[in-house]
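Student: Got a sequence here, can you model it:
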Amino acid sequence: MKKNAFLCLLVCLMSGTSVCAAQTDADAAEQPSQTVQQQAPAAETKAAPASNTKKVKPLPTCLDFTEVYSRAVLGNAEASSEDMEEMISLSAIMMGYVSAMQDIYGGYLVGMSPNDNEWTLLEYVNKLCLEYPHWTFQRAVRSVPPIRKTMDSLRDGEFTRCMAYVEQAKQTICAPVCQAQQPLQ
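Tutor: Have a look, this model is predicted:
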């Protein structure tokens, strides 16, 4: 049961519904640098000390990705050590999606060819980011064909399981109501 709940939550979070994606894009555009403060207990009236303030890095955008990708991978300009670290971080985010999908779906992604690897997936992301520079990096990763097709397949499978459950439970749930509505003979 916990695995199914986790699966539902993961599919929902990674599905990139228009509401979630629009909110993420709006948040990234409005607040390029956010500060999160840990809340002081209600009894305290003092402001939180500076040591409890943490800087939150904004979500990477497609513009961020294409700049780093062009320097670190394509070699269009000299890549700094920070660029290399950022590229490693972005690759890890993408491979996190791939690993999660493989674990859930059973070891492979739908529509992924044997020739696909981390580099070809990064090329897909770069193409999408060049075409849609206003997207977040995560949205571009979710739009890579093998990842998108796997998420669609998982969603379809969950819908089928839910419909089967509803059909099974319908008789139990509706029986008291249906019997009460039958005319007396």
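Student: Can you give me the buried ones in the helix of greatest length in the chain?
Tutor: Criterion DSSP state H: the longest helix present in the chain is helix 145-181. Neighbour counts over helix 145-181 (16 or more other Cβ atoms under 10 Å) mark Pro146, Ile147, Arg148, Thr150, Met151, Leu154 as buried. Every residue, glycine included, has its C-beta placed from N, CA and C.
Student: so which helix or strand takes in Val98?
Tutor: Under the criterion of DSSP states H and E, Val98 resides in helix 81-105.
Student: Can you name every helix or strand that that helix contacts?
Tutor: Other helices and strands packing on helix 81-105, by 3 or more Cβ pairs under 8 Å, 6 or more residues apart in numbering; DSSP states H and E, are helix 2-14, helix 62-72, helix 118-131, helix 137-142, helix 145-181.
Student: where's Ile88 relative to Val73, distance?
Tutor: According to Cβ to Cβ, to the nearest Å, Ile88 and Val73 sit 11 Å apart.
Student: before we move on, what about Glu123?
Tutor: Per Cβ to Cβ, Glu123 is found 9 Å from Val73.
Student: Show me the shaky parts of this protein.
Tutor: The chain contains residues with pLDDT under 70 at 1-51, 177-178, 180-185.
Student: if I pick the residue nearest to Gly111 when sequence neighbours are not counted, what's in contact with it?
Tutor: Excluding its sequence neighbours, the residue lying closest to Gly111 (Cβ to Cβ, 6 or more residues apart in numbering) is Lys149, at 4.5 Å. Applying Cβ atoms under 8 Å, 6 or more residues apart in numbering, we find Lys149 in contact with Leu109, Val110, Gly111.
Student: now these: which count as buried?
Tutor: Applying a neighbour-count criterion of 16+ other Cβ under 10 Å, the buried members of the contacts of Lys149 are Leu109, Val110.
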